[in-house]
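Peer 1: sharing a sequence plus its predicted fold:
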Amino acid sequence: MMTTMSGAEAMVRMLQLHGVKHIFGLCGDTSLPFYDALYQLDHGMQHILARDERSAAYMADVYARISGRVGVCEGPSGGGATYILPGLVEANDSSSPLLAITTDVSVAARGKFPLTELDQRALFQPVTKWNAMIDLPVQIPLLVRTAFQRMTTGKPGATHLGFPFDVQNGEADGAQIWADAALGQVPAYRVEPPGAEVERMASLLRTAQRPLLVCGGGPIIAGACDEVQRLAELLAAPVATSVSGQGVIPDTHPLALGVVGSNGGTPQTRDVLMSADTVVFIGCRAGSVTTERSRFPAPGRCKILHIDVDPDVIGVNYATDAALVGDAKLALAALCEAIGNGADEDTLHTAHKTVAAAKQEKFEIFREYAYIRDGLIRPETVIDVLQQVTPAESVIVADPGTPCPYFSGYYEHQQAGRYFVTNRA
């Protein structure tokens, strides 16, 4: 490693050492040293040119959701920073690990009315999990390492680094260029909940007569799809999801109920949810859409259990009878182990029949509209045809308006994983 290098070169090397393979963005005057470093150094990263900073941020966000790796986007100062910001809002609130690097006017020019001067630190503070301006080249290694640590540990989220022009041209210490490549993807540094709390929740689930799981995007981010399915089968519990949780279990599984809530739920899925005596929220905020403004399940009607890596979401909308704070994969594995013996065949068969009856009624109504041929193109027809022609591994990206409730309610994903993407924040 060189003893000294430019700040721009140091940034490129820090991204490389964190395992970054793709960068989405577009150049501006303040970004020229960074682009020179990307061009001159051998780093193995591909830069994907966007036409707009907003596009760069959304591209990086979806890349992160599908790959599990940190999405990196970049853009220039001033208007570029304001354009890239909406993508960070979306990624942060949807727990997507996104790093935005916005170049800036020189530190030495601040307050002298340079073109495109903007208080980037203040701009990005409310919409990110962590945000910093790099005011000196010597700060680059530490601040990049901090950004990756914040993005990929605990609840994932978006971070921002401001990268002034003179910092890019300044001299950085090559001896400080090191990184933990494990922080380049989620989840990094998994945390297991305490054993006593696991046993408490397991005890409540052993006595549940009609348990039901409501999964958000957390189990997919944590790679806990197998654990969700195992717990569901142990408990004979239908698996409902939020919009973000679609794919946590294949929709073809006999316990897969589908999306619940006001954006994809149906009266049939709501009825199954309301019949549960114990509801387990897993990696789900239990927010207004999934619970239809905290009405389904109705407060006090059933026991509420909550599993989430973020302690701040537990107990906000529902009083909880038991909670586990920790990584979904580790928490669910421990819970399955503590529960021990699974439900008997009769109980499992009854749960399968309940789910099948609800889905049959739902799709009978759906097909009444899907099969009308009167010259109009109905949403149900679009979903029905796409279901027939798309391969199982297809990724559906849907606008959050009209397409979202139709895809969430009626498109059935054939395998577990992130195959549906829509902006939820």
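Peer 2: Good, I have the coordinates.
Peer 1: count of neighbours near S288?
Peer 2: Neighbour count for S288, taken as other Cβ atoms under 10 Å: 14. From N, CA and C alone the C-beta is placed, and that goes for glycine too.
Peer 1: which residues of the stretch 251-400 of the chain fall in strands?
Peer 2: With strands called from DSSP state E, counting those that start in this stretch, the stretch 251-400 of the chain shows them at 256-259, 278-282, 303-308, 322-325, 396-397.
Peer 1: would you turn the ones you listed into TSV with mean neighbour count, distance to P194 and mean pLDDT?
Peer 2: Compiled in TSV, those are given as follows (neighbours: other Cβ atoms under 10 Å; distance: least, Cβ to Cβ, whole Å; pLDDT from 0 to 100):
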stretch	mean neighbour count	distance to P194	mean pLDDT
strand 256-259	26	30	98
strand 278-282	27	17	98
strand 303-308	25	13	98
strand 322-325	21	8	98
strand 396-397	15	38	94
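Peer 1: need those strands in a markdown table with distance to E197, can you?
Peer 2: Below are the strands of the stretch 251-400 of the chain laid out as a markdown table (distance: least, Cβ to Cβ, whole Å):
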| stretch | distance to E197 |
| --- | --- |
| strand 256-259 | 27 |
| strand 278-282 | 14 |
| strand 303-308 | 10 |
| strand 322-325 | 6 |
| strand 396-397 | 37 |
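Peer 1: show me the one of those strands that comes nearest A356.
Peer 2: Nearest of those to A356, taken as Cβ to Cβ: strand 256-259 at 10.0 Å.
Peer 1: return the distance of stretch 119-126 from the chain's centre.
Peer 2: 23 Å (Cα atoms, centre = their mean, to the nearest Å).
Peer 1: kindly report the same for stretch 357-376.
Peer 2: Relative to the chain's own centre, stretch 357-376 is displaced by 31 Å; criterion: Cα atoms, centre = their mean.
Peer 1: stretch 65-72 now?
Peer 2: Put simply, stretch 65-72 sits 9 Å off its chain's centre (Cα atoms, centre = their mean).
Peer 1: for that stretch, how far is the first residue from the last?
Peer 2: End-to-end span of stretch 65-72 (Cα to Cα, to the nearest Å): 12 Å.
Peer 1: so for it, what gets flagged as buried?
Peer 2: R65, G68, R69, V70, G71, V72 (16 or more other Cβ atoms under 10 Å).
Peer 1: equivalent analysis for stretch 200-218, please.
Peer 2: Residues of stretch 200-218 classed as buried by neighbour count (16+ other Cβ under 10 Å): 200-202, 205, 208, 210-218.
Peer 1: just the CA trace of it, in CSV.
Peer 2: C-alpha atoms of stretch 200-218 as CSV (Å, rounded to 0.1, in the frame of the first residue of the first chain):
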residue,chain,number,x,y,z
ARG,A,200,-40.8,-17.0,27.8
MET,A,201,-42.0,-16.6,24.2
ALA,A,202,-41.8,-20.3,23.6
SER,A,203,-43.9,-21.0,26.6
LEU,A,204,-46.6,-18.7,25.3
LEU,A,205,-46.5,-20.3,21.9
ARG,A,206,-46.8,-23.8,23.3
THR,A,207,-50.2,-22.9,24.8
ALA,A,208,-51.5,-21.0,21.7
GLN,A,209,-54.5,-22.5,20.1
ARG,A,210,-54.6,-20.5,16.9
PRO,A,211,-51.2,-18.8,16.4
LEU,A,212,-50.5,-16.7,13.3
LEU,A,213,-47.2,-15.1,12.1
VAL,A,214,-47.1,-11.6,10.5
CYS,A,215,-43.7,-11.1,8.8
GLY,A,216,-42.3,-7.9,7.6
GLY,A,217,-39.2,-7.4,5.5
GLY,A,218,-36.9,-8.2,8.4
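Peer 1: now it: average pLDDT?
Peer 2: What stretch 200-218 shows for mean pLDDT is 97.
Peer 1: re the thing from before, mind putting the buried residues of stretch 65-72 into CSV with secondary structure and distance to I365?
Peer 2: Shown next, in CSV, are the buried residues of stretch 65-72 (DSSP: H, G, I helix; E, B strand; the rest coil; distance: Cβ to Cβ, whole Å):
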residue, secondary structure, distance to I365
R65, helix, 31
G68, coil, 36
R69, strand, 40
V70, coil, 42
G71, strand, 38
V72, strand, 44
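Peer 1: between those residues, which is closest to T354?
Peer 2: Nearest to T354 out of these is R65 (Cβ to Cβ; 31.4 Å).
Peer 1: on the three-state scheme, the residue nearest to A333 when sequence neighbours are not counted is what?
Peer 2: Among residues not flanking A333 along the chain, E227 sits closest, at 5.4 Å (Cβ to Cβ, 6 or more residues apart in numbering). Here E227 takes the helix state, with states given by DSSP: H, G, I helix; E, B strand; the rest coil.
Peer 1: if I look at E227, what pLDDT would I see?
Peer 2: Looking at E227, its pLDDT is 98.
Peer 1: can you check M1 too?
Peer 2: pLDDT, read off for M1, is 50.
Peer 1: L204 belongs to a helix?
Peer 2: Yes - secondary structure assignment places L204 in a helix (three-state DSSP).
Peer 1: D93 and K129, how far apart?
Peer 2: Distance, D93 to K129, using Cβ to Cβ, to the nearest Å: 10 Å.
Peer 1: revised request: answer the last question for I48.
Peer 2: Taken as Cβ to Cβ, the span from I48 to K129 is 24 Å.
Peer 1: also A202?
Peer 2: Distance, A202 to K129, using Cβ to Cβ: 32 Å.
Peer 1: likewise for D173?
Peer 2: Note on D173: its distance to K129, by Cβ to Cβ, is 27 Å.
Peer 1: neighbour count winner among these two?
Peer 2: K129 (20 against 16).
Peer 1: residues touching that one, list them.
Peer 2: N92, R150, M151, K155, G157, A158, T159 (Cβ atoms under 8 Å, 6 or more residues apart in numbering).
Peer 1: same deal with R121?
Peer 2: By Cβ under 8 Å, 6+ apart, the contact list for R121 reads N131, A132, M133, G162.
Peer 1: and the nearest residue to A351 once chain neighbours are set aside, how many neighbours?
Peer 2: Distances taken as Cβ to Cβ, 6+ apart place A236 nearest to A351, at 4.1 Å, with adjacent residues excluded. Counted with other Cβ under 10 Å, the neighbours of A236 add up to 22.
Peer 1: ditto for the one 5 residues further on
Peer 2: T241 has 33 neighbours, counted by other Cβ under 10 Å.
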